[in-house]
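>>> Could you look at this predicted model? Sequence included:
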Amino acid sequence: MTTYLDSASGEPLHPAARAVLEQALDAGYADPRRLHGPARNARIMLDNARAATAEALGVRPDEVTFTASGTQAVHLGLLGLLAGQARRGRRLLTSAVEHSAVLHAARWHHAQGGSHDELPVDAFGRVSPDTVAQALGRSDERAVVAIQSANHEVGTLQPLGEIAAVSGEHPLFVDAGASAGRLPLPPGWSAAAASAHKWGGPGGVGLLLVRKGARWRHPFVADDVDQFPIEGESVPLALAAAAALQAVVAERDELNRRQFALVDRLRAGVAAIPDTEVVGDPVDRLPHLVTFSFLYVDGESIVGELDRRGFAVASGSACTASTLEPSHVLAAMGALTHGNLRVSLGRDTTEDDVDRLVAALPEVVGKIRQDAGL
Amino acid sequence: MSDPEIGLELDCRGMLCPRPIIELAKHLTDVAVGDQIAVVTEDIAAGVDVPAWCRMRDQEYVGADNAEDGVPRYRVRRLS
């Protein structure tokens, strides 16, 4: 049986979501924007999903919109803030370690004539509030600042409270995909985005949050549409995502404690392997995720060998990416980009799972190094 | 261009990561302590991984320039 250690790519469906999803598939099929009985049922379910999500996140229900994916939520949230500021300025500042969904949106903004600056990070992958303040101070133009809540590859938390403080009037976009559900939403955002399958909801549900009163405008439709013409969300999937989120938030104090300790155990065990780098902040980090880089090892070999031994893990190394480009996150941190292994724990991961991985790795890494002639 | 400061230049053109770093590790001891060894490769990961290797293995990363054909060359000074 496979030991699944890639929850940061997609968490298995939470049991609380499964029951809700099965019922919602039967009752929530209609278009919630129509005026007949089945449509009203779907509308009630969608409103419930929005209310439950808002309560779990501590936001207003009218700040919650469901999208078809996390990527779509990122694109709408970030580009919508830029569209809302367009008369005041077209600057965009992001960290260099944002998810590629953010960086792709930034490139699109740049291609449309806007500006985009990537802010450097330290060796833990953290962007400093001073760096943000200095970058903002270089121009009088209004900017949008886009900083993730936590890094999706190495787990480091970003200091968003301080970044929001130095950003002042400049609106903040927060990609909360890596932390949503697991940790409270950081403060200070004008728009934020997340993806349900990273907290145990079904795939195909993104979450877009737009703060009441924020200058946000749909980036892809005509100017006279000022509401949220984002349609096409799946009502059953949205309701299941909300149920999973509620369950995850209710469980997280206990689960985070357990996962944090398991990751500490993993970090200590793997650090004993020679020529290994444990990447990311050891303390101020996501509870469930850690990245290692093994010198002289290629990512594809280590993922393949661990898969044969029953472990499902991810790698951000170039050798595993279709582009052959190294991970922009690791590169920005100055961390070794090859031999990269990202381990992210699920809610059912046990100490035994971690110990078996720690026991398997020296042999797997040693064999790959030996095959390389070292 | 040949550079008298470089004791050994490794031709890692066409190699993918982490092969250039493996070659660097294998051939470090071919130069004397204090001398330079260089890796020539188009692999863009080397721009990050050669300095990272130096940090992890306690060697000195001297910097990057280009070989005669324009391919990036990463220079390392052997410290131990």
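The structure has been received and is ready for your questions.
>>> For chain B, which segments count as helices?
Secondary structure of chain B (DSSP state H): helices located at B:19-27, B:46-57.
>>> Show me what the shortest one is packed against.
What that stands for is helix B:19-27. On a contact count with 3 or more Cβ pairs under 8 Å, 6 or more residues apart in numbering or on different chains; DSSP states H and E, helix B:19-27 meets strand B:6-11, strand B:36-40, helix B:46-57. Backbone N, C-alpha and C define where each C-beta goes, glycine included.
>>> Let me know which of those is the nearest to chain A.
For those, proximity to chain A was assessed by Cβ to the nearest Cβ; helix B:46-57 is nearest, at 4.2 Å.
>>> now the helices and strands packed on helix B:19-27 in CSV, with distance to A:Val358?
Formatted as CSV, the helices and strands packed on helix B:19-27 follow (distance: least, Cβ to Cβ, whole Å):
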stretch, distance to A:Val358
strand B:6-11, 34
strand B:36-40, 32
helix B:46-57, 20
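>>> I'd like these written out as TSV, with mean neighbour count added.
Below are the helices and strands packed on helix B:19-27 laid out as TSV (neighbours: other Cβ atoms under 10 Å in any protein chain shown):
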stretch	mean neighbour count
strand B:6-11	16
strand B:36-40	22
helix B:46-57	22
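>>> so which of those comes closest to A:Ser293?
For A:Ser293, the closest of the helices and strands packed on helix B:19-27 is helix B:46-57, at 7.9 Å, according to Cβ to Cβ.
>>> who touches that closest one?
In this structure, residues lying in contact with helix B:46-57 by Cβ atoms under 8 Å, 6 or more residues apart in numbering or on different chains are A:275, A:277, A:293, A:295, A:326, A:330-331, A:334-338, B:12, B:17-18, B:20-21, B:24-25, B:28, B:39, B:59-61, B:64, B:72, B:74, B:76.
>>> go with 7 Å
A:275, A:277, A:295, A:326, A:331, A:334-338, B:17-18, B:20-21, B:24, B:39, B:60-61, B:64, B:72, B:74, B:76 (Cβ atoms under 7 Å, 6 or more residues apart in numbering or on different chains).
>>> What's the PyMOL line that selects buried ones from these?
A single PyMOL command selects the buried members of these (16 or more other Cβ atoms under 10 Å in any protein chain shown):
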select buried, (chain A and resi 275+277+295+326+331+334+335+336+337+338) or (chain B and resi 17+18+20+21+24+39+72+74+76)
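>>> and chain A, which of its residues are near chain B?
Residues of chain A lying near chain B by Cβ under 7 Å from any Cβ of the partner chain: A:275, A:277, A:295-298, A:318-319, A:324-326, A:331, A:334-339, A:372-374.
>>> which residues sit in contact with the residue of the stretch 1-150 of chain A at minimum distance from chain B?
Residue nearest to chain B within the stretch 1-150 of chain A (Cβ to the nearest Cβ): A:Ala123, separated by 9.5 Å. Counting by Cβ under 7 Å, 6+ apart, A:Ala123 touches A:Met333, A:Gly334.
>>> what about it, is that helix, strand or coil?
Here A:Ala123 is coil, with the state taken from DSSP: H, G, I helix; E, B strand; the rest coil.
>>> how about the nearest residue to A:Thr131, chain neighbours excluded?
The spatially closest residue to A:Thr131, leaving aside those adjacent along the chain, is A:Leu119, at 5.1 Å (Cβ to Cβ, 6 or more residues apart in numbering or on different chains).
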